[in-house]
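In: Quick one, what's the 3D model for this:
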Amino acid sequence: MLPLSPFPWQERPAGSSELLWRCTANPLTGHRPIPGVLGIYNSAVVPWQGAYVGVFRGDRTDGMPTLFRGESPDGLRWTFSPEPLALAGADAAIGIHEYAYDPRVVPLEGENRYLICWCNGYHGPTIGLAETRDFRTFTPLENAFLPYNRNGVLFPRKIRGRYAMLSRPSDTGHTPFGDIFYSESPDLTYWGRHRHVMSKGPTWWQGLKIGPGPVPMETPEGWLMIYHGVCNTCNGFVYRMGVALLDLDEPWKVIARGAGAIFGPEAPYEITGMVPNVTFPCAVLRDPAGSDRIAVYYGAADTHIALAFGHLDELVAYAKATSV
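Out: Presented below is the predicted three-dimensional model:
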């Protein structure tokens, strides 16, 4: 058995009361990280064989996004395969067609496989799915929904015997609206039991649209969901992070929802880039030693991978104490 992966962690800076604080090594990636790619960001990171592996969004020099495999010994220093992720499968109707972006990766409890979901271009944006057992071969599954949909995020285990997913229905463009919905499937092919989870607002920082972020984290008090909220300003959209607590057995029921943003663009690499003023969470690691420490990977200004740290118990407490 391989040893536990080294957990990327830095203590909260002295004198700080922030719920999430930035890694001093940020940004973890720079411009043109591999040939032909302007930036790699919006990370989907998991521990793997004593280190870390992930699926990442990379925007090519022609502007089109696709997915790349990355690996790291410590969760901080990343190398990427120069070729886009290859999906093996005979059915031409599934897999990556027009574009692929904003992936999430989850190990399924009790199953020897990992599921990847992403925004998949198939006559418009929908939720693509694929599975892997070795992070070398990726097999596409059926698209989860009809276009138009974004921000598909699977739960890490079945709920009442069914696979479960959060998503945000959208339109064909840069959606100027959006609420979070819950869906279930018996087999990862047929999806139904769609339930509304929560709407944009009621506070200004998330008044334009919201969307689920990393894989929800199970706690004794509910599923802790980190999500992104977007507001519109005279200088364009601003993406921040918030937290909500969902019922363990019926995750479309919101137990608590923090009133304020817990994190937003402030650092130079977050306010300047291909899309300024974006902090977009896609992955979270929990301390394998069992503490409440978490590491949150996020895309910074649609240009870089960045990392922030926090305590899960503090986020749960904040959601409950300030719930709107």
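
In: quick one, what contacts Gly166?
Out: Slight slip there: residue 166 is Leu, not Gly. For Leu166, the contacting residues are Asn151, Gly152, Val153, Phe155, Ile180, Phe181, Tyr182, Val197, Pro212, Pro216, Met225, Pro251, by Cβ atoms under 8 Å, 6 or more residues apart in numbering. Heads up, the C-betas are built off the backbone N, CA and C, glycines and all.

In: secondary structure class for it?
Out: Secondary structure, DSSP: H, G, I helix; E, B strand; the rest coil: Leu166 is strand.

In: That one and Val55, how far apart?
Out: Separation of Leu166 from Val55 (Cβ to Cβ, to the nearest Å): 18 Å.

In: again with Ala306
Out: 17 Å.

In: do the same with Ile210
Out: 23 Å.

In: cool, and Leu115?
Out: Taken as Cβ to Cβ, the span from Leu115 to Val55 is 11 Å.

In: likewise Leu285?
Out: Distance from Leu285 to Val55, by Cβ to Cβ: 15 Å.

In: what does Pro214 give?
Out: Pro214 is 13 Å from Val55, by Cβ to Cβ.

In: Mind listing the shared neighbours of these two?
Out: With Cβ under 8 Å, 6+ apart as the test, Pro214 and Val55 reach no residue in common.

In: and His196, helix, strand or coil?
Out: Relying on three-state DSSP, one would call His196 strand.

In: Excluding chain neighbours, what is closest to it?
Out: Phe181 (5.8 Å; Cβ to Cβ, 6 or more residues apart in numbering).

In: Thought His194 was touching the one you found, still the case?
Out: Yes: using Cβ atoms under 8 Å, Phe181 makes contact with His194 at a distance of 5.7 Å.

In: what residues are up against the nearest residue in space to Pro8 that is not next to it in sequence?
Out: Once flanking residues are discounted, Pro8 sits nearest to Gly75: 3.7 Å by Cβ to Cβ, 6+ apart. Counting by Cβ under 8 Å, 6+ apart, Gly75 makes contact with Ser5, Pro6, Phe7, Pro8, Val45, Tyr52, Leu285, Ala295, Leu307.

In: Wasn't the third one part of a helix?
Out: No: counting by three-state DSSP, one finds Phe7 to be coil, located in no helix.

In: And for it, nearest residue in space, chain neighbours not counted?
Out: Asp287 (5.3 Å).

In: now Ala25
Out: With Cβ to Cβ, 6+ apart, the residue lying closest to Ala25 is Leu76, at 5.4 Å.

In: As a check, name the ranges of all helices in the chain.
Out: With DSSP state H, the ranges of helices along the chain come out as 268-271, 312-321.

In: And the longest one, what does it pack against?
Out: Here helix 312-321 touches strand 217-219, strand 222-233, strand 236-246, strand 254-257, strand 293-300, going by 3 or more Cβ pairs under 8 Å, 6 or more residues apart in numbering; DSSP states H and E.

In: repeat that with 6 Å
Out: strand 236-246 (3 or more Cβ pairs under 6 Å, 6 or more residues apart in numbering; DSSP states H and E).

In: where's the residue of the chain most remote from its centre relative to Pro35, distance?
Out: Centroid-distance maximum for the chain: Gly15 at 29.4 Å, with Cα atoms, centre = their mean. Counting by Cβ to Cβ, the gap between Gly15 and Pro35 amounts to 43 Å.
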